[in-house]
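Novice: no sequence on this one, just coordinates:
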């Protein structure tokens with residue numbers, strides 16, 4: 001089965017143009033299944049011999065190991081995709097993952113910063129050195145455009161149009177969208193680019209130069225962005241659970257709070273399904289309820 005999984009991953013990379021993060025997730029999910037099958041007595045990791053009962057047992061093992069429901073659902077989706085590929089290639093006659101049902105999703109409300117908290121965070125990086133100017137530009141850009149961190153670190157100079165105040169973003173599945181940028185983000189990026197030091201290899205790429213780079217002048221990683229955010233969260237004395245994605249959550253919630261329609265927010269976030277965006281309406285409703293209870297004389 002390892003050989004077939006390897007073929008599937010190569011197919012994702014070459015035929016489907018899947019991102020490195022997507023391929024990494026499929027690899028971990030499918031190799032995790034193989035490892036479990038190899039350790040379970042009476043089970044075998046052979047593509048055309050797996051049954052729905054095998055996969056239900058694997059799902060049960062994941063639940064007993066306290067995996068999050070969202071993680072289990074992702075692993076099941078990986079198995080379904082792999083077996084669709086296996087059927088097309090004649091490696092399997094059936095898809096044993098098809099009958100499996102995802103666990104019911106837990107509706108956890110995302111962690112959202114208030115407007116004053118967001119202001120404190122955006123001002124936390126010092127504006128007196130290149131690293132501080134870079135970090136301000138990063139935080140302003142994530143919040144201004146509602147970007148995922150993977151989208152942020154993938155930005156290049158030629159994705160940015162200063163005059164039009166827009167940026168081209170490559171989202172999940174390499175789908176592109178155009179996102180507007182606010183004046184604060186534009187100013188922060190412009191100031192950072194004046195002091196940015198590029199690695200010679202980056203400079204040689206011309207318009208494809210990474211927009212945000214590390215101290216060696218090379219493209220930032222998602223982990224680097226997470227580390228710099230942790231530092232500025234501590235400086236601003238904010239909740240340590242705040243992640244880069246919290247800025248994206250805050251972007252969506254603040255737009256809805258100020259009257260943006262949900263379809264527009266869906267487009268700005270690059271969500272394929274409106275259902276994914278609708279969680280932010282729950283957050284906005286909670287905010288409205290808190291305001292109502294505080295202001296209305298007969299709320300309580």
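Specialist: Sure, I can see it. Since the model is a prediction, treat every value here as computed from it, not as a measurement.
Novice: drop to CA atoms for contacts and neighbour counts, all remaining ones
Specialist: Fine.
Novice: shaky segments in this protein?
Specialist: For the chain, the stretches with pLDDT under 70 are 105-109, 203-207, 273-300.
Novice: the helices in it, which residues?
Specialist: Assigned by DSSP state H, the chain shows helices spanning 2-14, 20-39, 52-64, 69-88, 115-123, 130-145, 149-153, 183-195, 200-203, 222-236, 244-257, 262-269, 274-277, 279-295.
Novice: between the ones you listed, which one is closest to residue 164.
Specialist: Distance to residue 164, taken as Cα to Cα, is lowest for helix 183-195 among the helices of the chain, at 10.2 Å.
Novice: buried residues of stretch 227-237, list them for me.
Specialist: Using 16 or more other Cα atoms under 10 Å as the test for burial, stretch 227-237 gives 228, 229, 230, 232, 233, 236.
Novice: likewise stretch 258-271?
Specialist: Residues of stretch 258-271 classed as buried: 262, 265, 266, 267, 268, 269, 270 (neighbour count, 16+ other Cα under 10 Å).
Novice: off-centre distance for that stretch?
Specialist: Distance of stretch 258-271 from the chain centroid (Cα atoms, centre = their mean, to the nearest Å) equals 17 Å.
Novice: picking up where we left off before, and which of the buried residues of stretch 227-237 is nearest to residue 145?
Specialist: Nearest to residue 145, judged by Cα to Cα, of these is residue 229 at 16.9 Å.
Novice: separation between that closest one and residue 178?
Specialist: Distance, residue 229 to residue 178, using Cα to Cα, to the nearest Å: 25 Å.
Novice: kindly report the same for residue 32.
Specialist: For residue 32, the distance to residue 178 (Cα to Cα) stands at 37 Å.
Novice: ok, residue 136 touching residue 125?
Specialist: Yes. Residue 136 is within contact range of residue 125, at 5.7 Å (criterion: Cα atoms under 8 Å).
Novice: residue 250 - nearest residue in space that isn't next to it in sequence?
Specialist: Using Cα to Cα, 6 or more residues apart in numbering and skipping residues adjacent in sequence, the residue nearest residue 250 is residue 112, 4.9 Å away.
Novice: next, that neighbour: phi, psi?
Specialist: In terms of degrees, to the nearest 10, the main-chain angles of residue 112 are phi -120, psi 140.
Novice: the closest residue to residue 228 other than its chain neighbours: how many residues sit nearby?
Specialist: Nearest residue to residue 228, sequence neighbours excluded (Cα to Cα, 6+ apart): residue 135, at 7.3 Å. Neighbour count of residue 135, defined by other Cα atoms under 10 Å: 25.
Novice: return the distance of residue 180 relative to residue 37.
Specialist: In terms of Cα to Cα, residue 180 sits 48 Å off from residue 37.
Novice: okay, those two: which has more neighbours?
Specialist: Shown here are residue 180 and residue 37; by other Cα under 10 Å, residue 37 has more neighbours (20 against 15).
Novice: just checking, the more buried one touches residue 44?
Specialist: Yes. Counting by Cα under 8 Å, residue 44 is a contact partner of residue 37 at 5.8 Å.
Novice: ok, residue 94 - contacts?
Specialist: Residues near residue 94 by Cα atoms under 8 Å, 6 or more residues apart in numbering: 48, 83, 87.
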